[in-house]
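Participant: sequence plus the predicted model coming up.
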2 protein chains.
Amino acid sequence: MITPYDDKYFMRKALDEAKRAYALDEVPVGAVIVADNQIIARGHNLTEQLNDVTAHAEMQSITSAAEFLGGKYLKKCTLYVTLEPCVMCAGALNWSQISKIVYGARDERRGALRYENILHPTTELVGGVMAEECSTLMKDFFKGKR
Amino acid sequence: MITPYDDKYFMRKALDEAKRAYALDEVPVGAVIVADNQIIARGHNLTEQLNDVTAHAEMQSITSAAEFLGGKYLKKCTLYVTLEPCVMCAGALNWSQISKIVYGARDERRGALRYENILHPTTELVGGVMAEECSTLMKDFFKGKR
């Protein structure tokens, strides 16, 4: 069966969010949270706009998804995020007990996956989906900063 | 010189916040952020009230302190928190580059300090201030839950 709702489909939506961050001169990271093939939350990095280190794409999406669901656990949800989550976001995702995390590019410097058991034991992890596109967006952004 | 503004003084203020959480039937963790001996932010755990796993005392205090200062870095601030920060909060504190963290009780199960280098390299860490009082409040809360 051909389904339009594969990991690439939703990663493209996360990339759209990342581009919104880019347009605001924010480090271009975007995220969506999906339940039953429906996007229930979107977020993009707003740390500069909001003057707030906690305003990562994932954090906003987690808060927004919980609001949508009326409960703080995201046990039947998947997060799509263009960049490997940092320690803060990995910790929040752990608390949320989210069922699956799909990320695009690795973050060698600030990614949390170098720490063992940082995610919830029931959380499935998939990496490298559209990694090239996600990574190129980041590189373009930082090139423009030089 | 006798100064009223020592670590115990501010930890008592964090404990007051924790008691506010307790009164709301929230896991009783409280925090204050201090700059130049002035409390610039207060927070207590609100994860149940807000249906949001990210609503820890520390996260709210970080956002609030940055708002007060008009900048996202907390380089000249000290966080007082009644419980050892979790991974999410430690990650957020790392991004904030906060100069000092003082916590009360250890959190053997969810505390982040079991991970090496999880805090910013310039952040000073002090633990165990009024640990007994902070820990007793937690124990009383969970006893009431059984």
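Facilitator: Here it is on my side, so go on.
Participant: next, the buried residues of stretch A:18-26.
Facilitator: Along stretch A:18-26, these residues count as buried under the neighbour rule (16 or more other C-beta atoms under 10 Å in any protein chain shown): A:18, A:20-22, A:26. The C-beta positions use only the backbone N, C-alpha and C, and glycine is treated the same way.
Participant: at the geometric centre of chain A, which residue sits there?
Facilitator: Among the residues of chain A, the one closest to the centroid is A:V81, at 2.5 Å (C-alpha atoms, centre = their mean).
Participant: look up how far chain B lies from the residue nearest to that residue when sequence neighbours are not counted.
Facilitator: For A:V81, ignoring the flanking residues on the chain, the nearest one in space by C-beta to C-beta, 6 or more residues apart in numbering or on different chains is A:A31 at 4.2 Å. Distance of A:A31 to chain B, given as C-beta to the nearest C-beta, to the nearest Å: 14 Å.
Participant: for A:M130, same thing?
Facilitator: For A:M130 relative to chain B (C-beta to the nearest C-beta), the value is 25 Å.
Participant: next one: A:N45
Facilitator: 12 Å.
Participant: quick check: that residue touching A:P28?
Facilitator: Yes. Using C-beta atoms under 8 Å, A:N45 makes contact with A:P28 at a distance of 7.1 Å.
Participant: got any residues that touch both of these two?
Facilitator: When C-beta atoms under 8 Å, 6 or more residues apart in numbering or on different chains defines a contact, the residues bordering A:N45 and A:P28 alike are A:18, A:21.
Participant: check which helices and strands the longest helix along chain A is in contact with.
Facilitator: Ranked by residue count and defined by DSSP state H, the top helix of chain A is helix A:7-23. Applying 3 or more C-beta pairs under 8 Å, 6 or more residues apart in numbering or on different chains; DSSP states H and E, we find helix A:7-23 packed against strand A:30-35, strand A:38-44, helix A:57-69, strand A:78-83, strand A:100-105, helix A:131-145.
Participant: among the ones you listed, pick out the one with the most neighbours on average.
Facilitator: Per-residue neighbour counts averaged over each of the helices and strands packed on helix A:7-23 give the maximum for strand A:78-83, namely a mean of 28 (mean count of other C-beta atoms under 10 Å in any protein chain shown).
Participant: how far does that one sit from its chain's centre?
Facilitator: Counting by C-alpha atoms, centre = their mean, to the nearest Å, strand A:78-83 is centred 3 Å from the centre of its parent chain.
Participant: do stretch A:30-39 as well
Facilitator: Here stretch A:30-39 shows a centroid-to-chain-centroid distance of 10 Å under the convention C-alpha atoms, centre = their mean.
Participant: CA-only coordinates of it in PDB, if you can.
Facilitator: Output of stretch A:30-39 as PDB, limited to C-alpha atoms (Å, rounded to 0.1, in the frame of the first residue of the first chain):
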ATOM      1  CA  GLY A  30      11.400  22.800  13.400                       C
ATOM      2  CA  ALA A  31       9.100  20.100  14.900                       C
ATOM      3  CA  VAL A  32       5.700  18.600  14.500                       C
ATOM      4  CA  ILE A  33       3.900  16.100  16.700                       C
ATOM      5  CA  VAL A  34       1.600  13.600  15.100                       C
ATOM      6  CA  ALA A  35      -1.100  11.400  16.500                       C
ATOM      7  CA  ASP A  36      -3.100   9.000  14.200                       C
ATOM      8  CA  ASN A  37      -1.500  10.600  11.100                       C
ATOM      9  CA  GLN A  38      -2.700  14.000  12.200                       C
ATOM     10  CA  ILE A  39      -0.500  16.900  13.100                       C
END
